[in-house]
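> fold the stuff below for me.
(one chain, ligands or ions: 1)
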Amino acid sequence: MKLVELHSVRHCYGKLQALHDLTLSLNEGEVLGLFGHNGAGKTTTMKLILGLLRASAGQVSVFGASPQQAKVRQQLGYLPENVSFYPQLTGLETLRYFARLKSAPSVQVEALLEQVGLAQACKRKVKTYSKGMRQRLGLAQALLGKPRLLLLDEPTVGLDPIATRELYAMIQQLREGGTAVILCSHVLAGVEAFIDRAAIMASGCLQAEGTLSELRSQVGLPSLIRVNGLLQASHWQAQLNSEGFQARLVGQDNLEVATHNGAKQQVLKLLLEQGDAEDIEVRQASMEEIYSHFMTQPFAQRNAP
Ligand SMILES: Nc1ncnc2c1ncn2[C@@H]1O[C@H](COP(=O)(O)OP(=O)(O)OP(=O)(O)O)[C@@H](O)[C@H]1O
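Predicted coordinates for the structure are as follows:
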C-alpha cells in the first residue's frame, strides 16, 4: 500500500488555482524531496496531505484513508515553514504543551529535547532561542507521538552548516526506523544523499518525479570526470576532443571531461591505462543541476496572473 496518494488533485484559493491535476505518491519509509520555485504549490500539497486543506478536485489519501480522519492525523508530524512558539514558555514547557495537545506520552519530551540537541537549553525561555534553536524545537514538536509520516517544510532555514548536517543525519535515522518523510526545501546542495526520490513542481504542476538515477537519465546531463595532476593535460584534451568527448583544461594539469553513461567507462579506461593522473573523480549531475534543467523547460501549465 502507498502511504500517501494524490490523484489528479486540484486546489484553488478563490480564483487562483494553486495545484493542477497533481498525481504523486509516497511509499512506506521513503524520503521524498519536494522541490519547486516560490509559489510552486509545495506547501499547499503538504497542507492537503495534513488534512489542513481540502482538495477542490481529485483524491488525497493518507495511510489509505482521508487525511481529515483523526486516526490519520495522529500519525503525522509537521514542521511548518514559519515555526512560532509562545516566547515566554521555556523549551521544555513548550514541548510538554504540544505533547498534551497531541496526546503524546510525556516521557518523549525529554528524550526529544536530547535528540535535537536542546537538553542544555530546555529551561531557557523560547524568546532567548536563536533561529536554529527554534527550528530544532519545531522538529522536536513534529516528532512527538513518533509519527509514521513526517512533513518538513524548509527545515534547514536558519540552520548553520553543521546543524543542517545533523538534521539530515536525524532524517536518515528516522528513515532507518521506518518513518517516511516529505522534505520540502530550496536548499538542494548536498540533499542527494538523504532522499530516495524527488518531485519537482512548477506553477502548481508536477514537472518531474523519480529516483535520482531516473531523473538523471531523463535529463541526460553528462557525468563529469575530473582528472587532476595529469602530465601533458593539453595533449590529452586534444586527444579526447578528437575522439568526440568534451574535455576542457582546468589550470595547467587538470582536465574536466563531460561524458554520458556509455562513454564514461571508455574515458576512464583510457585515462587509467595510459594516463598518469594523480587523482580521478567522477561526479554525476547534482540535484541542483537536475532541478535547473527542469526549471528551464516550458511549464506544463501556468497559473492565471
Ligand atoms: N491562503 C492562501 N490564499 C490565497 N493564495 C494562496 C494561499 N496560500 C498560497 N496561495 C497561493 O498558492 C500558490 C502556491 O503557494 P504555496 O505556498 O503552496 O507555494 P510554495 O511552493 O510552498 O511556495 P514557497 O516556496 O514560496 O513557500 C501561490 O501562488 C500562493 O500565492
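> gap between the most centrally placed residue in the chain and residue 75?
In the chain, the centroid-proximal residue (CA atoms, centre = their mean) is residue 33; its distance is 3.2 Å. Counting by CB to CB, to the nearest Å, the gap between residue 33 and residue 75 amounts to 21 Å. For the C-beta atoms, the positions are set from N, CA and C on the backbone; glycine is no exception.
> before we move on, the earlier item: so the residue nearest to the centre of the chain, which of the three states?
Here residue 33 takes the strand state, with states given by DSSP: H, G, I helix; E, B strand; the rest coil.
> for the helix or strand encompassing residue 293, what is the average pLDDT?
Counting by DSSP states H and E, the element that carries residue 293 is helix 287-295. Across helix 287-295, the average pLDDT comes to 92.
> touching the ligand at all, that helix?
No. Applying CB under 6 Å from any ligand atom, one finds helix 287-295 separated from the ligand by no less than 12.8 Å.
> dump that helix to CSV, restricted to CA.
Taking Å, rounded to 0.1, in the frame of the first residue of the first chain, the C-alpha atoms of helix 287-295 are listed here in CSV:
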residue,chain,number,x,y,z
MET,A,287,20.1,17.7,-7.6
GLU,A,288,20.7,21.4,-8.2
GLU,A,289,21.6,20.7,-11.9
ILE,A,290,18.6,18.4,-12.4
TYR,A,291,16.4,21.0,-10.8
SER,A,292,17.7,23.8,-13.0
HIS,A,293,17.3,21.6,-16.1
PHE,A,294,13.6,21.1,-15.3
MET,A,295,13.0,24.7,-14.4
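> and that helix, which residues are buried?
Going by neighbour count (16 or more other CB atoms under 10 Å), the buried part of helix 287-295 is 287, 289-291, 293-294.
> now flag whichever of those is closest to residue 172.
residue 287 (16.1 Å; CB to CB).
> residues touching that closest one, list them.
33, 35, 188-189, 191-192, 195, 198, 212 (CB atoms under 8 Å, 6 or more residues apart in numbering).
> these two touch, right, residue 167 and residue 156?
Yes. Assessed by CB atoms under 8 Å, residue 167 is found in contact with residue 156 at 6.2 Å.
> residue 282: what's it in contact with?
Contact partners of residue 282, counting by CB under 8 Å, 6+ apart, are 223-226, 264, 268.
> would you map the helices across the chain?
Along the chain, counting by DSSP state H, helices occupy 42-49, 70-73, 91-101, 107-115, 131-143, 161-176, 212-219, 233-242, 261-274, 287-295.
> and those: which comes nearest residue 124?
Using CB to CB, these put helix 91-101 closest to residue 124, at 6.6 Å.
> how about the closest one as PDB, C-alpha atoms only?
Extracted C-alpha coordinates of helix 91-101, given in PDB (Å, rounded to 0.1, in the frame of the first residue of the first chain):
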ATOM      1  CA  GLY A  91      11.600  24.900  25.500                       C
ATOM      2  CA  LEU A  92      10.600  22.200  28.000                       C
ATOM      3  CA  GLU A  93       7.200  23.800  28.700                       C
ATOM      4  CA  THR A  94       6.600  24.300  25.000                       C
ATOM      5  CA  LEU A  95       7.200  20.700  24.200                       C
ATOM      6  CA  ARG A  96       5.100  19.500  27.200                       C
ATOM      7  CA  TYR A  97       2.300  21.700  25.900                       C
ATOM      8  CA  PHE A  98       2.500  20.200  22.400                       C
ATOM      9  CA  ALA A  99       2.700  16.700  23.900                       C
ATOM     10  CA  ARG A 100      -0.600  17.300  25.700                       C
ATOM     11  CA  LEU A 101      -2.200  18.700  22.500                       C
END
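> so for that helix, mean pLDDT?
Mean predicted confidence for helix 91-101 is 94.
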